[in-house]
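Peer 1: Could you look at this predicted model? Sequence included:
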Amino acid sequence: MEKFIQPYTYNFIQFQANELLKAHRSLNDFATIQTMKLVVIEKILTRFNQPTESEKELLNRIVQFSHSQKEMDAYLILLEDFIIPFEQPSDAALKKLFRKTKKLHIPNWDTLNLADYTFYGWNDAGKQRKYLILFEQQKLIGIEGTLSPTTHKGFCAICHTSSQVSLFMNIGKHNKDGQFTSKGNYICQDSHQCNKNIMELDELQKFIGIVKQKE
């Protein structure tokens, strides 16, 4: 079977797995638990466009382990083999993407598990900059912006969860008068944790659309 699970979809499956485990620990009514299992399966399957029978069979197995944290953990580890990893761009592609940036810090891809990433972001603390890359319709896009060195507990505009966030501002010459404009929002300081929180693309796409929008 080929890889068929996006990283953000895997996060959603993890969330549903935890909901099943909590329900099994807190509910005594067999019928209610069975109904919840059906709902969870339906929610998961709707995240896939025409899954194959083999893929459905694998996904349906989640309900077999709602009684055991150990067995559920083993099942989730099994699913990791089917995650589509973030596509590693070449150094040349990154330098072209951020061609105005001098001495661009290239990520050390060998230290990363790319199956964790829906997008990739890294910080340059010395320049107080943050770089975000992702693929839209198989095209690599990049956004560079300033990143506040201070963090606070807040709501991330990308993953829509409460975390340690910093103000990210994308600055560019966007309007007709040639004036510099800035767009941004508070996002996770730690992009790896942000990726672990993402369960759908809507807010990420909305954020990217706002910061890249021209006047």
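Peer 2: Here it is on my side, so go on. Numbering: from 1, shown residues only.

Peer 1: Can you list the buried residues in the longest helix along the chain?
Peer 2: The longest helix of the chain (DSSP state H) is helix 7-26. The neighbour-count check on helix 7-26 (16 or more other CB atoms under 10 Å) flags 7-13, 16-17, 20-21, 23-24 as buried. All C-beta atoms are positioned from the backbone trio N, CA, C, and that covers glycine.

Peer 1: after that helix, next one along is what?
Peer 2: helix 30-45 (DSSP states H and E).

Peer 1: Pull out the buried positions in that next one.
Peer 2: By neighbour count on 16+ other CB under 10 Å, the buried set for helix 30-45 is 33, 36-37, 40-41, 44.

Peer 1: repeat for stretch 142-151
Peer 2: For stretch 142-151, a neighbour-count test (16+ other CB under 10 Å) marks 142-148, 151 as buried.

Peer 1: Could you provide the residues you listed in JSON lines, with additional columns for distance to Q189, pLDDT and secondary structure?
Peer 2: Formatted as JSON lines, the buried residues of stretch 142-151 follow (distance: CB to CB, whole Å; pLDDT from 0 to 100; DSSP: H, G, I helix; E, B strand; the rest coil):
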{"residue": "G142", "distance to Q189": "19", "pLDDT": "94", "secondary structure": "strand"}
{"residue": "I143", "distance to Q189": "16", "pLDDT": "94", "secondary structure": "strand"}
{"residue": "E144", "distance to Q189": "16", "pLDDT": "93", "secondary structure": "strand"}
{"residue": "G145", "distance to Q189": "13", "pLDDT": "93", "secondary structure": "strand"}
{"residue": "T146", "distance to Q189": "13", "pLDDT": "94", "secondary structure": "strand"}
{"residue": "L147", "distance to Q189": "8", "pLDDT": "95", "secondary structure": "strand"}
{"residue": "S148", "distance to Q189": "9", "pLDDT": "95", "secondary structure": "coil"}
{"residue": "T151", "distance to Q189": "5", "pLDDT": "95", "secondary structure": "coil"}
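
Peer 1: tell me which of those residues is nearest to A74?
Peer 2: T151 (35.2 Å; CB to CB).
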